[in-house]
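> The sequence and its predicted three-dimensional model are supplied below.
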Amino acid sequence: MVTDHAPRPTTARAPALPASLTPTLLTRLTARVSAAANAERVTTSAPYTGLPLADLPVSTPADVEDAYTRARAAQRTWAATPVEQRKRILLRFHDLVLARRDEVLDLMQAENGKTRRDAFLEVTDIAITARYYARSAAGFLKPKRRRGAIPVLTHTTELRHPKGVVTVISPWNYPLSMAAGDALPALMAGNAVVQKPDTQTALTALWALDLMNEAGLPDGVWQMVVGRGGSIGPALMDDADYMMFTGSTASGRRIARDAGERLIGASLELGGKNPMIVLDDADVEKAAEGAVAACFPSAGQLCVSVERLYVAESVHDAFVAAFVARTGKLTLGAAYDYGVDVGSLTTASQLKTVSAHVDDAVAKGATVLAGGRARPDLGPLFYEPTILTAVTPDMALHDQETFGPVVSVHPFRDVEEAIARANATPYGLNASVWSGNGARGRAVAARVRAGTVNVNEAFAAAWGSIDAPMGGMGDSGLGRRHGCDGILKYTEPQTVAHQRLQGFTPPARVSPETWAALLTGALKVLKATGVR
């Protein structure tokens, strides 16, 4: 059922496209797509209004093949470029992103429909990522001495070589973070990149490519193709040396299968049904504020956003009241400034999923405490921030990823129940735990099956800790981005071992029996002296 007093966030309808998105800019960006001059075209629309936005050339399998050919030719020179020179390019890119932030904020909002404050988080994310890998890559990639087979006599070195051409398939929901964020470490490691951004948000990805070339990245090192996965997906897989994919679990499984068949590596960030646990000692007001930040950024179209809320019975009512009140104060709408809290969904299919999940839950007995309806009066794809209770396993949104501004709230009796319910999902991407005791919160977090868990924060603490790995467990994916994992996955490790003077075979005039006895004694000494 729907409560009569459900909050109805409102604001004005969307304005026209910002002046920064000039025909000259759009033409320059679309010209960077690897496609034939007479290519078929596809038109995208702005989520805020439904009006036409970009006219993009569509790449064919032959265009993809040509992009790989150019990328391989460019990669050989790029791999030989000193790491220090690559570093300077990434740092110039860092400066350009910050200097041109208003332009890319306009682009992201126009293509994705998110608010300016959510778009700005992507700008900060990419600046941090560029700076981190620019300044850390040399340490990650440099030759490293390893313990040799025989102390002193074996000189062993681990080298890191680029994979070659990395394929990046990036989604529409975080068009700058997911496009540039995965390409930058691959480039820094000496690879070339062939990338297929989602068509809906291709302009943002092309903008990042444009800026990287302006920063000094040689032509051809980063190629961009546009098209449907069913058309150019096989060509992307056939020539890849490594696959980086962010998207649905179903698509990720197919990519993992095909990558396994080709014996190449793959890193996959997939779906999630992320939980938040509010313990009985949590500050209710802070937890409610945290829940708003966890559930509704980018209209809930965020892989690490929360869709399931578990609240201790002793604070449940107070928390729900505070959460509903804060949600009711959110402004919903479109604006190319920082005045709106929640923006639009991005695609009609996403609106259909969100509406279907909520309608199904209500029809089966769930209660809507806030939101629960589309807002066509604001634009074609707006949906109110929605809070549901009495959600049961027979409802689609109980287990399935909604990927919209919808969350279900559930009471729990004790910590064991909370952890068990949080873990009762095939997914394992992100989670949030709220407690007045940091040590207790961290102890609970360590028992939640998720690649990242935040204590007294929604998701930004773990995501922003870029020196630490980020990725999913179970159906949420394979591999990690960020930290050393985020760049070393794009490399092939090689061991070079130089044996000096004497090896494992007996020297002349020493019998095998005597040599075996000598080696046995040496192994015992090494163990006794603590040598690994």
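Noted; the coordinates are in hand.
> Restricting to C-alpha, output stretch 293-305 in CSV.
What follows is stretch 293-305, C-alpha atoms only, in CSV (Å, rounded to 0.1, in the frame of the first residue of the first chain):
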residue,chain,number,x,y,z
ALA,A,293,23.7,9.3,0.8
ALA,A,294,23.9,5.5,0.3
CYS,A,295,20.6,5.0,-1.6
PHE,A,296,19.9,7.9,-3.9
PRO,A,297,23.1,9.3,-5.5
SER,A,298,22.8,9.3,-9.3
ALA,A,299,19.1,8.3,-8.8
GLY,A,300,20.3,5.0,-7.4
GLN,A,301,22.0,4.0,-10.6
LEU,A,302,25.3,3.2,-8.8
CYS,A,303,26.8,-0.2,-8.6
VAL,A,304,27.8,0.4,-4.9
SER,A,305,24.6,2.1,-3.8
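> buried stuff in it?
293-305 (16 or more other CB atoms under 10 Å). The way it works is simple: take the backbone N, C-alpha and C, and place the C-beta from them, glycine included.
> just these now: which is nearest residue 474?
residue 303 (13.8 Å; CB to CB).
> and the nearest residue in space to the closest one that is not next to it in sequence, backbone torsions?
Nearest non-adjacent residue to residue 303, counting by CB to CB, 6 or more residues apart in numbering: residue 272, 5.6 Å away. Torsion angles at residue 272 (phi, psi; degrees, to the nearest 10) stand at phi -160, psi 150.
> Check whether residue 272 really touches residue 306, as I assumed.
No - Residue 272 is beyond contact range of residue 306, at 9.4 Å (criterion: CB atoms under 8 Å).
> Have a look at the two and say which one is more surrounded.
residue 272 (28 against 25; other CB atoms under 10 Å).
> Relative to residue 27, how far out is the more buried one?
Using CB to CB, to the nearest Å, we find residue 272 at a distance of 37 Å from residue 27.
> What helix or strand is the closest residue to residue 309 other than its chain neighbours located in?
Counting by CB to CB, 6+ apart, residue 309 lies nearest to residue 409, which is 4.5 Å off, once chain neighbours are set aside. If you go by DSSP states H and E, residue 409 is part of strand 406-412.
> Same question for residue 354.
helix 348-363.
> which residues of the stretch 351-500 of the chain score low on pLDDT?
In the predicted model, the stretch 351-500 of the chain carries no residue with pLDDT under 70.
> Tell me which stretches of it form helices.
396-399, 415-422, 438-445, 460-464, 485-488 (DSSP state H, counting those that start in this stretch).
> closest one to residue 117 among these?
Comparing the helices of the stretch 351-500 of the chain against residue 117 with CB to CB, the closest turns out to be helix 460-464 (12.4 Å).
> gap between the closest one and the chain center?
Computed by CA atoms, centre = their mean, to the nearest Å, the chain-centroid distance of helix 460-464 equals 12 Å.
> Now do that helix: everything it contacts.
121, 125, 128, 293, 304, 430, 452, 453, 454, 455, 468, 470 (CB atoms under 8 Å, 6 or more residues apart in numbering).
> if we can go back for a sec, and among the helices of the stretch 351-500 of the chain, the most buried is which?
helix 485-488 (a mean of 22; mean count of other CB atoms under 10 Å).
> Show me what that one is packed up against.
Under the contact definition 3 or more CB pairs under 8 Å, 6 or more residues apart in numbering; DSSP states H and E, helix 485-488 sits against helix 116-141, helix 177-188.
> hang on, the earlier thing: I'd like the distance between the residue nearest to residue 303 and residue 67.
To residue 67, residue 272 is 31 Å away according to CB to CB.
> give me the element residue 217 is part of.
Counting by DSSP H and E, there is no helix or strand that carries residue 217.
> which residues does the residue nearest to it when sequence neighbours are not counted contact?
Spatial nearest neighbour of residue 217, excluding adjacent residues (CB to CB, 6+ apart): residue 89 at 5.6 Å. Going by CB under 8 Å, 6+ apart, residue 89 touches 212, 215, 216, 217.
> Most neighbours among the contacts of helix 460-464, which one?
Among the contacts of helix 460-464, residue 430 has the most neighbours (other CB under 10 Å), with 29 neighbours.
> Give the bridge partners for that one, please.
Beta-bridge partners for residue 430, by DSSP bridges, are residue 452.
> where does the chain have low pLDDT?
Scanning the chain for pLDDT under 70 picks out 1-14.
> 80 - rerun?
Residue ranges of the chain with pLDDT under 80: 1-16.
> okay, which residue is most central for it?
residue 178 (5.5 Å; CA atoms, centre = their mean).
> Would you agree it is in contact with residue 195?
No - Residue 178 lies out of contact with residue 195 (CB under 8 Å); the separation is 10.3 Å.
> hmm, back to that, save the contacts of helix 460-464 as TSV, and put in distance to residue 380 too.
Converted to TSV, the contacts of helix 460-464 look like this (distance: CB to CB, whole Å):
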residue	distance to residue 380
121	25
125	28
128	34
293	26
304	26
430	30
452	34
453	36
454	34
455	39
468	39
470	33
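> ranges for the strands of the stretch 1-150 of the chain?
Along the stretch 1-150 of the chain, counting by DSSP state E, counting those that start in this stretch, strands occupy 41-45, 52-57, 144-146.
> The helix holding residue 354 to strand 406-412, inter-axis angle?
40 degrees (axes from the mean of the first three to the mean of the last three CA atoms, to 10 degrees).
> Okay, buried residues for helix 348-363 please.
Neighbour-count burial for helix 348-363, with 16+ other CB under 10 Å as criterion, is recorded at 350, 351, 353, 354, 355, 357, 358, 360, 361, 362.
> Please compute how far that helix lies from its chain's middle.
That offset, for helix 348-363, works out to 24 Å (CA atoms, centre = their mean).
> Strands along the stretch 201-350 of the chain, start to end?
Secondary structure of the stretch 201-350 of the chain by DSSP E, counting those that start in this stretch: the strands cover 222-224, 242-246, 265-269, 274-278, 306-312.
> deepest of these, which one?
Ranked by mean neighbours (mean count of other CB under 10 Å), the strands of the stretch 201-350 of the chain are led by strand 274-278, with a mean of 28.
> ok so, going back, among the helices of the stretch 351-500 of the chain, which is nearest residue 316?
helix 415-422 (11.7 Å).
> Which strands and helices lie in contact with the closest one?
Packed next to helix 415-422, using 3+ CB pairs under 8 Å, 6+ apart, are strand 274-278, strand 306-312, strand 406-412, helix 438-445.
> ok, and what's touching the shortest one?
For strand 274-278, the external contacting residues (CB under 8 Å, 6+ apart) are 284, 287, 290-291, 294, 304-312, 315, 319, 412, 418-419, 421-422, 425, 427, 429-434, 444, 448, 450, 458-459.
> State the number of residues packed around residue 70.
Other residues within reach of residue 70, judged by other CB under 10 Å, total 17.
> residues contacting it?
34, 220, 223.
> Look up the closest residue to the last one, ignoring the ones flanking it.
Nearest residue to residue 223, sequence neighbours excluded (CB to CB, 6+ apart): residue 67, at 4.0 Å.
> show me what contacts residue 478?
252, 256, 266, 267, 268, 471, 472.
> gap between the helix or strand harbouring residue 515 and the chain center?
In the assignment (DSSP H and E), residue 515 maps to helix 512-528. Relative to its chain's centre, helix 512-528 lies at 51 Å (CA atoms, centre = their mean).
> which residues are in contact with that helix?
Against helix 512-528 from outside (CB under 8 Å, 6+ apart): 151, 504, 506, 507, 510.
> May I see the buried residues of stretch 246-265?
By neighbour count on 16+ other CB under 10 Å, the buried set for stretch 246-265 is 246, 247, 249, 251, 252, 255, 256, 258, 259, 264, 265.
> Distance of residue 71 relative to residue 304?
31 Å.
> same thing with residue 38?
From residue 38 to residue 304 the distance is 42 Å (CB to CB).
> Dump the strands of the stretch 1-150 of the chain into CSV; add mean neighbour count as well.
Below are the strands of the stretch 1-150 of the chain laid out as CSV (neighbours: other CB atoms under 10 Å):
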stretch, mean neighbour count
strand 41-45, 15
strand 52-57, 19
strand 144-146, 12
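> got those strands as a markdown table, with distance to residue 133 columns?
Formatted as a markdown table, the strands of the stretch 1-150 of the chain follow (distance: least, CB to CB, whole Å):
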| stretch | distance to residue 133 |
| --- | --- |
| strand 41-45 | 30 |
| strand 52-57 | 29 |
| strand 144-146 | 18 |
